[in-house]
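# please find the sequence and the predicted model below.
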Amino acid sequence: MTTSQTSVPTPVTTDTTEVSVEVFKGQVTTTSLDVAKHFGKRHDNVIKAIRSLECPEDFALLNFEECSRAGSNNKPEPYYRMTRDGFVLLCMGFTGKQAAQWKVAYIMAFNKMEQALRAQPVQQDERALLRFAIRTLELMRDRQTNQLPRLSTEEIVQHYLNVESLDRATPEQVKQALTFIQGQIIGEGNAAKVLPGIAGSSIAKDLLYGLLRTSHDAEILFNALYDQGLEVLASEHFKQNMAGKLAETSRQARDLLGYIASHAARDPFQHRAKH
């Protein structure tokens, strides 16, 4: 098993007071601590059982994550967070009448949590969208060797918002920074540089911005759903939301291409009629 950093679970839990399952990194999980408590086993023995499981490494990486908490005398104490599949593999060997009852209780809790998770509306992560926009602009910026050193895009945004770190930016500041960065992306685009008379116009910039925004929205929506598990990608909720985003992106692209084509079709040497 590999050790990774602990992150704060999503604050969604079951109603049951018997077992504890919660959303962690987009997946419904329980812990070795909870399993040891309910199955009447020493926690160190549960950890040994997890580490001695004869399962493929890729399965272990996907379904077991080693974490740590402050134990006695504030010393780090390891424990494992596991998915439904990890729980089933670990506990299939636990026997006895009470063990069977706890297995059923966990399975019901997993089912209930997964149903609640699928029913939750997907919230767009504006901070993730901002990070994506910053990376996009960094890739687009011209990095010739003879250029003078300049601040990174993230540092520029921090100065723009007057914050020490983007992590400290308020939701409103994040939206403000996103608008600022996406405007910079449009300005860095080849169309804006090569065809200033067309793509540089205010109408075309609005169309470019709309296309860029809807494309980013579709990507963030997909990532948010994918992090919740592959089952969500097959849901009607995903189909409806993604279809709407892609339809809007397609419309924005058609409007932009139509606008550019209407200007490109004009003869720049044609004399205007005098009235």
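Cool, the structure landed. Nothing here was measured: the structure is a model prediction, and the numbers come from that model.

# residue boundaries of the strands in the stretch 1-150 of the chain?
Per DSSP state E, counting those that start in this stretch, the stretch 1-150 of the chain has strands spanning 10-13, 22-24, 27-31, 64-70, 76-83. These are given in chain order.

# residue 127: which of those strands is closest?
Closest of the strands of the stretch 1-150 of the chain to residue 127 is strand 10-13, at 15.2 Å (criterion: CB to CB). To be clear about C-beta, it is placed using only N, CA and C from the backbone, and glycine gets the same treatment.

# average pLDDT for the closest one?
Mean pLDDT, strand 10-13: 42.

# hang on, the earlier thing: out of the strands of the stretch 1-150 of the chain, indicate the one that is most buried.
The highest mean neighbour count among the strands of the stretch 1-150 of the chain, using mean count of other CB atoms under 10 Å, belongs to strand 27-31: a mean of 24.

# okay, the angle between that strand and strand 76-83?
Relative orientation of strand 27-31 and strand 76-83, computed by axes from the mean of the first three to the mean of the last three CA atoms, to 10 degrees: 140 degrees.

# give me the sheet partners of strand 27-31 and which way each runs.
If you go by DSSP bridges, strand 27-31 pairs up with strand 22-24 (antiparallel), strand 76-83 (antiparallel).

# dump the ones you listed to TSV, plus distance to residue 139 and mean pLDDT.
TSV is the format used below for those (distance: least, CB to CB, whole Å; pLDDT from 0 to 100):
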stretch	distance to residue 139	mean pLDDT
strand 22-24	32	85
strand 76-83	34	94
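
# out of those, which is closest to residue 136?
Distance to residue 136, taken as CB to CB, is lowest for strand 22-24 among the strands paired with strand 27-31, at 29.0 Å.

# returning to that earlier point: of the strands paired with strand 27-31, which is nearest residue 167?
strand 22-24 (20.7 Å).

# make a markdown table from the strands of the stretch 1-150 of the chain and add distance to residue 109 to it.
Shown next, in a markdown table, are the strands of the stretch 1-150 of the chain (distance: least, CB to CB, whole Å):
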| stretch | distance to residue 109 |
| --- | --- |
| strand 10-13 | 10 |
| strand 22-24 | 10 |
| strand 27-31 | 8 |
| strand 64-70 | 18 |
| strand 76-83 | 13 |
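
# returning to that earlier point: residue 169 is nearest to which of the strands paired with strand 27-31?
Ranking those by proximity to residue 169 (CB to CB) places strand 22-24 first, at 25.0 Å.

# quick one on the thing from earlier: what's the closest of the strands of the stretch 1-150 of the chain to residue 103?
Closest among these, once you apply CB to CB, is strand 27-31, at 11.8 Å.

# now do the closest one against strand 64-70, angle only.
Going by the same axes, to 10 degrees, strand 27-31 makes 50 degrees with strand 64-70.

# begin at 569 from now on, thanks
Taking 569 as the first residue, the last one we looked at is strand 595-599.

# now do the same for residue 822: its pLDDT.
Note on residue 822: pLDDT of 75.

# burial check on it, number of neighbours?
By the measure other CB atoms under 10 Å, the count of residues near residue 822 is 12.

# what's the spacing between it and residue 815?
For residue 822, the distance to residue 815 equals 11 Å [CB to CB, to the nearest Å].
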